[in-house]
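have a look at this prediction, sequence included:
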Amino acid sequence: MADRVVVAGGGASGLAAAIFAAERGASVTILEHKDRVGKKILMTGNGRCNLTNMSDVRGKYYSSDTDSLNRIYDTLVRFDAAKTRDFFRRLGLYTKEKRDGGVYPVSEQASIVLDVLRSACDRLGVRIRTDCEVTAVRPERNGGTVCVTQYVRTDQDPHERKSSQTVVKYDRLILAMGGKAAPVSGSDGSGYALAKKLGHSVIEPLPALVQLRCSGAFFKALSGVRAQGEIRLLIDGAEAACEEGELQLTDYGVSGIPVFQLSRLASRAIHDKRQCEAGINFIPYDSISDLEKMDDGICGAFSHKTAEEFLAGMVHKKIAAVVCKQIGITPGATVGQTGAGKIQKCLKMLSDFRVRITAPNPFEHAQVCCGGVPLGEVDENFMSRRCRDIYLVGELLDCDGICGGYNLQWAWATGAIAGTAAALREDKR
Ligand SMILES: Cc1cc2nc3c(=O)[nH]c(=O)nc-3n(C[C@H](O)[C@H](O)[C@H](O)COP(=O)(O)OP(=O)(O)OC[C@H]3O[C@@H](n4cnc5c(N)ncnc54)[C@H](O)[C@@H]3O)c2cc1C
């Protein structure tokens, strides 16, 4: 009889694990507590699914220590972006690479990614049980059982669900329950609780790839502004990261890809009660060298303009207005009346606009989590070192990547490796 591989969680890593295990002859069942699998895949890349990235992976991932980072890089050499593209090509999905190395389906539709995964599951006979919540795991000498709450929707009210308890036997179990980010898609953190019960430790998961909340009443006035700029993250006064690109200002703080890229460092630092500040350069252009020379002569040429009008020649009007107010320039005062000294101060502020970061936005807004089960607690095939026959994959583990397809790459790679090992019993002890 074929080995029974049970996959808890039908997200990116779970679907990949199921397909790789089934292709190698295992009898596979996915247990998914939502009413359908792969809900988060549909949300990725703004509905376009940036499914991997062809660039060098070094420096694109975070984990708690150097050994773990090396484990991540080793994994992504074993199953790299090219293998991900081959995998999808094999399932009938053509992909294209963009200038930054990001890979998308040719049609730029996330739904097609899920469609090909589901169709592969159908073809390979993978059983998908939805509305099925994994609540406990009981390991035995060989394999074990999974306790499941099965929900059934009633005909009268589609929102009302009746539940019953069942158990499912496994020879190998793959925990692919994701983290806590975007819980609407099903990842509610129950994977961490289960891993703890199995003897694993969990590095506290925090929101990552997320907007940052900042102090400053002026954010209300800046809401909706998009500006090209540079953002530096300062932790206890020292620069920890710097990103460039389109910044989005909101009524509570900052957003946009550059903010997302450094958000996990801010999230962890705030959690560790460290001081977090952002220094935003709204004028990171060559013209700054002219601006630095701003003197009475140059100011004189624009003396008829109001200070706000003058600054609005370089930055968004709303930013110009906020900076003038911060420097204490009387509304409507001209450049001539304001004087070169204060205009210089405005420019200095525009090139290093300091704000205190108070918190990341909550998990509901985050794309991924940082933290999770330490990589040292699983072997090279992602089998638990605490509990035999159980594998942990995807976001449940302590690995998070920056934006650009790196997080899905981690999900496909860990799913593929664990699914293969689970089916072939490569790590039989
Ligand atoms: C808005 C958004 C956009 C993103 N865009 C990108 C992108 O373009 N590129 C990229 O690389 N990454 C992107 N990501 C991140 C990426 O989606 C995740 O890193 C990846 O989906 C993680 O895969 P996973 O399988 O580990 O977990 P998940 O995809 O979260 O899957 C976990 C599954 O387990 C199920 N589950 C949880 N608990 C239980 C339980 N107790 N019983 C049964 N089932 C359970 C959940 O319902 C879910 O289906 C994005 C994330 C978000 C939220």
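Perfect, thanks for sending it.

need the phi and psi values for the closest residue to residue 182 other than its chain neighbours.
Distances taken as CB to CB, 6 or more residues apart in numbering place residue 40 nearest to residue 182, at 6.1 Å, with adjacent residues excluded. Quick note: C-beta positions are derived from backbone N, CA and C, even for glycine. Note on residue 40: its backbone torsions stand at phi -70, psi -30 [degrees, to the nearest 10].

burial of residue 40, as a residue count?
23 (other CB atoms under 10 Å).

wait, it touches residue 179, no?
No - look at residue 40 against residue 179 with CB atoms under 8 Å: they stay out of range, at 10.3 Å.

any common contacting residues for these two?
residue 187 (CB atoms under 8 Å, 6 or more residues apart in numbering).

ok, the residue nearest to residue 182 to residue 240 distance?
28 Å (CB to CB, to the nearest Å).

just residue 252 next, same as before
Counting by CB to CB, the gap from residue 252 to residue 240 is 22 Å.

same check on residue 196?
From residue 196 to residue 240 the distance is 30 Å (CB to CB).

neighbour count for the two, which is higher?
Set residue 196 next to residue 240 and count neighbours by other CB under 10 Å: residue 240 wins out with 15 against 12.

can you tell me the SS state at that one?
The local conformation at residue 240, judged by DSSP: H, G, I helix; E, B strand; the rest coil, is strand.

and it, how far is that from residue 265?
Distance from residue 240 to residue 265, by CB to CB: 5 Å.

so what sits against both of those two?
residue 233.

residue of the stretch 1-150 of the chain with the smallest distance to the ligand?
residue 11 (1.9 Å; CB to the nearest ligand atom).

actually, the stretch 151-300 of the chain.
Residue of the stretch 151-300 of the chain nearest the ligand, by CB to the nearest ligand atom: residue 186 (1.9 Å).

chain neighbours aside, what residue packs nearest to that residue?
Nearest to residue 186 is residue 34, by CB to CB, 6+ apart, at 4.2 Å.

also residue 415?
residue 16 (3.1 Å).

and if you look at residue 218?
Using CB to CB, 6+ apart, the nearest residue to residue 218 is residue 322, at 4.6 Å.

which helix or strand contains the one you found?
helix 317-327 (DSSP states H and E).

one step back: next one: the residue nearest to residue 415, what pLDDT does it get?
Note on residue 16: pLDDT of 98.

so what does residue 191 have for phi and psi?
Per-residue torsions, residue 191: phi -60, psi -40 (degrees, to the nearest 10).

my guess is it contacts residue 397. True?
No - using CB under 8 Å, residue 191 is not in contact with residue 397, being 9.8 Å away.

what's the helix holding residue 322 packed up against?
When contacts are defined as 3 or more CB pairs under 8 Å, 6 or more residues apart in numbering; DSSP states H and E, helix 317-327 packs onto helix 219-222, helix 307-311, helix 340-351.

can you give me the buried ones in the helix or strand just after the first one?
Spelled out, it's helix 219-222. Scanning forward in sequence from helix 219-222 by DSSP H and E, the next helix or strand is strand 226-235. For strand 226-235, a neighbour-count test (16 or more other CB atoms under 10 Å) marks 227, 229-235 as buried.

which pLDDT value belongs to residue 401?
Residue 401 is given a pLDDT of 98.

same thing with residue 158?
70.

contacting residues for the residue nearest in space to the middle of the chain?
By CA atoms, centre = their mean, the chain has its centre lying nearest to residue 368, at 3.1 Å. The contact partners of residue 368, by CB under 8 Å, 6+ apart, come to 179, 181, 208-209, 395, 400-401, 407.

name the residues of this structure found near the ligand, please.
Within the chain, the positions adjacent to the ligand are 8-14, 31-34, 39-40, 43-45, 49-50, 133-134, 176-178, 181-182, 185-188, 190-191, 367-368, 394-395, 405-408, 411 by CB under 6 Å from any ligand atom.

output the lowest mean pLDDT helix or strand found in this structure.
helix 288-292 (a mean of 57; mean pLDDT, DSSP states H and E).

ignoring the adjacent residues along the chain, who's closest to the residue of the stretch 251-400 of the chain found nearest the ligand?
Relative to the ligand, the nearest point of the stretch 251-400 of the chain is residue 394 (2.3 Å; CB to the nearest ligand atom). Take residue 394 and drop its neighbours on the chain: the residue closest to it by CB to CB, 6+ apart is residue 13, 3.0 Å away.

wait, what's in contact with the one you found?
So residue 13 contacts 176, 178, 393-395, 410-412, 414-415 (CB under 8 Å, 6+ apart).
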